[in-house]
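Peer 1: coords please:
(one chain, ligands or ions: 1)
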Amino acid sequence: MAIGVSVPPGGNWKNVPHHIPSKRLESIRASYAAGSGSRSTYYGRLHPDFPAYTINTYFNRPGNGCHLHYDFEGGQHRVLSEREAARLQSFPDSFVFHGNHGSIQKQIGNAVPPLLAYQIAGQLPHTGAYVDLFSGAGGFALGFKWAGWTPIVANDIDPSFLKTYASNIHSNTIVGDIRDKSVFKRLVEAVKDSRKADEPLFVLGGPPCQGFSTAGNRRTQDDERNHLFNEYRAFVSAVKPDGFVFENVPGLLNMEGGAVFQHIHRRLVTPGRSLTKWLLRSEEYGIPQRRTRLILLSTPKRWGTLESPGKGTELLKRDDIPLSLPNAISVKEALSDLPALSQGQDGSGLGYCSEPLTNYQRLMRGLISPADYLALLRQQELVEND
Ligand SMILES: C[S@@+](CC[C@H](N)C(=O)[O-])C[C@H]1O[C@@H](n2cnc3c(N)ncnc32)[C@H](O)[C@@H]1O
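Peer 2: Okay, the predicted model is just below:
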């Protein structure tokens, strides 16, 4: 890959010489010159000593983010493989994705890192059962399952996402558009059938809110994505769970100068429940990736005030990283036991190239549990601080 050869670790499109022909580069240069953003991650190469940038759904395209493998000296002038991207999202190596490559890339890039979800679940004083809406492949769901919660039913519009979900989380899935009345009804019934009186029931999931608008005109009211939030709320009203964990992108806070978030927040407040807001940066929670997620938790008032996760992992400050990235696990620490690949090689069927070299690699191989991993991170930091 001619472009990749010119980008060093931590570099980006600015390192690519002008004589290399590329329409994509020309358009990036033009928009940069016009002052519309630095596009600083485009054609980016991961730095071995830092966490990755946010893994998006286009990690197979060098021109859409920082997706070049960190091993410049080893000649790996290629984008991340699916297996590597899944690891940077904290999906363990045993997690099997179904569908074509485009679908798998979406499943990986859309997910909440399971290890982040696990730490969110760990702040709840009880375990229980959960319904997973907008479930995708099940990143959010896996974290709750690791934490001892029981999945009862999941819904997504995409059949291959749910095939992945069913083979890794739980077989009871309902494929279809949640706006479809029969899908909605089947979901409510599935909850009624499985709900146990003595077990808390939670709804997990985040409706995509990208098109959301509070403006009252017909065009915005008709935007189909507005309805996804409304369906979410209608579902919560229909099943009356003990609580929910609403997850979304942090950009939700800035839409319409904050008016969208205020609107959503107001409509999620329920009598007898507390609504807690957290903005969580994955890189602060032992995950080798900069990915921030907005979380709203509705919990029974009798459960008391919820602390955000991280009191322990705040200890993990690393002075050797010249950025404000406490707790950061680097991409090399995450990936260095995976084999070298050439451009376009999938690599999912290959073995490892070494013994696990870090605790993160042990976690990914299922040799230690998430609880052990987090405990080891804390211990390691205590030793480093002695
Ligand atoms: C951000 S992803 C969810 C990721 C998931 N929480 C995870 O951690 O893996 C949002 C999901 O909403 C689903 N979705 C979008 N519109 C939908 C609809 N109308 N009905 C049901 N699911 C929908 C998408 O297919 C996508 O999988």
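
Peer 1: residues in contact with residue 200?
Peer 2: 126-129, 242-243, 300 (C-beta atoms under 8 Å, 6 or more residues apart in numbering). Backbone N, C-alpha and C define where each C-beta goes, glycine included.

Peer 1: distance of it relative to residue 143?
Peer 2: According to C-beta to C-beta, to the nearest Å, residue 200 stands 17 Å off from residue 143.

Peer 1: same check on residue 366?
Peer 2: For residue 366, the distance to residue 143 - C-beta to C-beta - is 15 Å.

Peer 1: more neighbours, the two?
Peer 2: Using other C-beta atoms under 10 Å, the more surrounded residue of residue 366 and residue 143 is residue 143, with 25 against 11.

Peer 1: so the residue lying closest to the more buried one once chain neighbours are set aside, which of the three states?
Peer 2: Nearest residue to residue 143 in three dimensions, chain neighbours excluded: residue 117, at 2.4 Å (C-beta to C-beta, 6 or more residues apart in numbering). Here residue 117 is recorded as helix under DSSP: H, G, I helix; E, B strand; the rest coil.

Peer 1: with residue 189 instead?
Peer 2: helix.

Peer 1: burial count for it?
Peer 2: Neighbours of residue 189 (other C-beta under 10 Å): 13.

Peer 1: same check, this time on residue 359
Peer 2: Residue neighbour count, defined by other C-beta under 10 Å, stands at 21 for residue 359.

Peer 1: likewise residue 258?
Peer 2: Neighbour number of residue 258 under other C-beta under 10 Å is 12.

Peer 1: name the SS class of it, please.
Peer 2: helix.

Peer 1: from here on, call the first residue 252.
Peer 2: Taking 252 as the first residue, the last one we looked at is residue 509.

Peer 1: that one and residue 265: what is the separation?
Peer 2: 34 Å.

Peer 1: how about residue 495?
Peer 2: 44 Å.

Peer 1: and what of residue 597?
Peer 2: According to C-beta to C-beta, residue 597 and residue 265 sit 30 Å apart.

Peer 1: these two: which is more packed in?
Peer 2: residue 265 (15 against 11).

Peer 1: now residue 580. Nearest residue, chain neighbours left out?
Peer 2: residue 539 (4.1 Å).

Peer 1: list the contacts of that neighbour.
Peer 2: If you count contacts by C-beta under 8 Å, 6+ apart, then residue 539 has 302-303, 338-339, 579-582, 584-585, 611 around it.

Peer 1: repeat that with 10 Å
Peer 2: Residue 539 sits next to 297, 301-303, 306, 338-341, 364, 366, 533, 579-586, 609, 611 when contact means C-beta atoms under 10 Å, 6 or more residues apart in numbering.

Peer 1: report pLDDT for it.
Peer 2: We note a pLDDT of 94 for residue 539 in this prediction.
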